[in-house]
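[1] Just need the structure, nothing else, for what follows:
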Amino acid sequence: WAKAGNATNGQTTIQSGVTIGTSPNVYYVSGSLASIGTATNSSVTATNATVYGDIIGGDGHKGASDNIVEITDNTTVSRSVIGGRVQDNVGENDAALDNRVFMSASTAYEVRGGYTLYGNAINNKVFLEAKSNVLGFCGGGYTSSGKADSNEVHLNNSSAPMIFGGGDISLQKGDVLNNIVTLENGSNAISVYGGFTLQGNADGNKVKGSDSSISFSVYGGWGTTGASNNRIELDNVTVSGIVTGGKTTSGDASGNEVVLSSGTTFRDTLYAGYTQLGDAIDNNLTLTDISVESQDIYSSFTENGQAGGNVTLSNSHVRNVYGAETESGAANGSAVKGTASTIDGKVYGGHGTTGASSNTVDLDNVQVTGSVSGGYTDSGDASDNAVTLSNGTTFSGDLYAGYTKNGNATGNALTLSGITAPGSVRAGYTLIGNASGTVTISDSTITDDVYGGYTESGTANNSSVTIIDSTIRDSTVNEDSIGSRGSSV
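    Predicted coordinates:
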């Protein structure tokens, strides 16, 4: 203990069978305590012990760094286990830094690698193994006014209800960046956040899980002014609620990625990137061997902004699929690719309100119970979209490469090979505007009309339909198969 100055290299050992405190009295065990300075390079070790109160590796006034807490062999702590703590308002820029907590076959109410009220919490880590159990909050690094950066929480065959790589669901104010949560080998949680903040950006955070379960929600990063470049990777993980790569109330949600495989489940809408007010661009969603037929999936979603993203499905079963969706804006440059999968609903490359261009859909042996659209928008242009369907792909609605109610639908392309199309096939479609497109059909059967370009009011030029070894309405030549249709062709 240092009443004046810094405290360093303190070591406290709680031996097997020792009980400290009595309930409801609360005691406090630390490796070092610095009343007006920093606490560094200190440790607390407990084996098969009971502590009624808190264990803190290093407790400093100005900072806490490189402190360690290790509890093993059925140790029980009634309150908090903290690697390094800074409680006062004079915390330095990097107030809680490089602190560690290790738990094996033990129980605590609350665990934090690094904790500071002011300043930054950086590179703090928590490790739980051998059926360790945290009853409340489990966080890598936390600050109420600062940055939580590069903190980590790792669970191996252990459990905690609320897990945060960096940040806190009720107090965190400041950016949460590059934090990591890992669950493996039968671990359990209620909610998991790579990074969470009430005021700031959540960028570059990660959640990785295998052979584990999460009973409510998983977020790579949750922010209020932005959530980008977050990643979720789940392999054989049961999630009974929401999975979202990056979510924010304002600002961009871009560059996020969600990868689900080996029977991972979820029970709510799936988003790689979600923002209420901002752009959602370049998000990626990949599903392999997933069956959640009652849920919609979005790579990119924004309520107000531009959207663009990518979805890849392999041997999976989902409901409606959106490469990108915006409720107010343009959805451009998105892609949906599927193989050997089932989609119980519609497929959109990009779905916008003011434009949907340069989107692609490529489905190989995919069964779709609704319509398929490359780019679909209420107004604005739907141009340069492409849809490719092959190898027994089916759909029950209409097929559009580019669709707009009020705008141009030009330069769109449809390629159909080895399929049956029960609805209308139109490369470029608009009610008001110019339309053009190309349709190439081979080894397929089309039971309705086919148009390269279609407009109710406008020109339909430079379009074509090519038919190879196919049937259009049970005839090799059909009056409904034409290159273009418009009010002035």
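
[2] Just checking, which helix or strand of this protein averages the lowest pLDDT?
    The weakest-scoring helix or strand in the chain, judged by mean pLDDT, DSSP states H and E, is strand 481-485 (a mean of 51).

[3] Would you map the helices across the protein?
    Remark: no helices are assigned in the chain by DSSP state H.

[4] could you point out the longest strand in it?
    Secondary structure of the chain per DSSP state E: the longest strand is strand 206-223.

[5] packing partners for that one?
    Where contact means 3 or more C-beta pairs under 8 Å, 6 or more residues apart in numbering; DSSP states H and E, strand 206-223 is packed against strand 180-184, strand 188-196, strand 202-203, strand 231-239, strand 242-248. (Glycine included, C-beta is placed from N, CA and C.)

[6] Sketch out the low-pLDDT regions of the chain for me.
    Low-confidence segments of the chain (pLDDT under 70): 1-5, 89-92, 474-489.

[7] buried stuff in the longest strand of the chain?
    206-210, 212-214, 216-223 (16 or more other C-beta atoms under 10 Å).

[8] Which residue comes closest to the residue most central in space within the chain once chain neighbours are left out?
    In the chain, the residue lying closest to the centroid (C-alpha atoms, centre = their mean) is residue 245, at 1.2 Å. Leaving aside its sequence neighbours, residue 245 sits nearest to residue 256 (C-beta to C-beta, 6 or more residues apart in numbering; 3.5 Å).

[9] and the one you found, what does it touch?
    220-221, 227-231, 245-246, 272-273, 283-284 (C-beta atoms under 8 Å, 6 or more residues apart in numbering).

[10] ditto for residue 154
    By C-beta under 8 Å, 6+ apart, the residues touching residue 154 are 125-128, 181-182.

[11] Give the bridge partners for it, please.
    Applying DSSP bridges to residue 154 gives these bridge partners: residue 127, residue 182.

[12] what's the answer for residue 325, then?
    What pairs with residue 325, by the bridge criterion (DSSP bridges), is residue 301, residue 351.

[13] How much space separates it from residue 422?
    Distance of residue 325 to residue 422, given as C-beta to C-beta, to the nearest Å: 25 Å.

[14] Looking at these two, which is more packed in?
    residue 325 (27 against 15; other C-beta atoms under 10 Å).

[15] circling back to that earlier point, if I pick the residue nearest to the centre of the chain, what's in contact with it?
    So residue 245 contacts 219-221, 230-232, 256-258, 271-273, 283, 285 (C-beta under 8 Å, 6+ apart).

[16] let's go with 7 Å and repeat that
    Shown in contact with residue 245 (C-beta atoms under 7 Å, 6 or more residues apart in numbering): 220, 230-232, 256-258, 271-273, 283.

[17] Same check on residue 98?
    Taking C-beta under 7 Å, 6+ apart, one finds 65-66, 123-124 in contact with residue 98.

[18] measure it to residue 367 for me?
    From residue 98 to residue 367 the distance is 53 Å (C-beta to C-beta).

[19] Identify the residue nearest residue 113 in space, chain neighbours excluded?
    Closest to residue 113 by C-beta to C-beta, 6+ apart is residue 124, at 3.3 Å.

[20] ditto for residue 272
    residue 283 (3.8 Å).

[21] go on, residue 422?
    residue 447 (5.3 Å).

[22] what's the answer for residue 229, then?
    In space, residue 229 is closest to residue 255, 4.3 Å off (C-beta to C-beta, 6+ apart).

[23] and that neighbour, what does it touch?
    Contacts of residue 255 (C-beta under 7 Å, 6+ apart): 228-229, 282-283.

[24] Tabulate those (a markdown table), appending distance to residue 200 and neighbour count.
    Output for the contacts of residue 255, formatted as a markdown table (distance: C-beta to C-beta, whole Å; neighbours: other C-beta atoms under 10 Å):
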| residue | distance to residue 200 | neighbour count |
| --- | --- | --- |
| 228 | 13 | 27 |
| 229 | 15 | 24 |
| 282 | 21 | 22 |
| 283 | 20 | 32 |
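
[25] Among those, name the ones in strands.
    Using DSSP E, the members of those that fall in strands are 282-283.

[26] Make JSON lines out of the contacts of residue 255 and add distance to residue 146.
    Shown next, in JSON lines, are the contacts of residue 255 (distance: C-beta to C-beta, whole Å):
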{"residue": "228", "distance to residue 146": "20"}
{"residue": "229", "distance to residue 146": "21"}
{"residue": "282", "distance to residue 146": "29"}
{"residue": "283", "distance to residue 146": "28"}
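
[27] which one of the contacts of residue 255 is nearest residue 50?
    Proximity of these to residue 50 (C-beta to C-beta) peaks at residue 229, which lies at 43.2 Å.

[28] Could you report the distance from that closest one to residue 171?
    For residue 229 relative to residue 171 (C-beta to C-beta), the value is 24 Å.

[29] what is residue 221 paired to in the beta sheet?
    residue 195, residue 246.

[30] Which residues are in contact with it?
    176, 194-195, 202-203, 205, 227, 230, 246.

[31] So what's the residue count around residue 160?
    Neighbour tally, residue 160, other C-beta under 10 Å: 30.

[32] Please apply the same query to the one 3 residues further on.
    Using other C-beta under 10 Å, residue 163 has 29 neighbouring residues.

[33] cool, and residue 464?
    Neighbour number of residue 464 under other C-beta under 10 Å is 15.

[34] quick one: it and residue 453 touch, right?
    No. Residue 464 lies out of contact with residue 453 (C-beta atoms under 7 Å); the separation is 9.1 Å.
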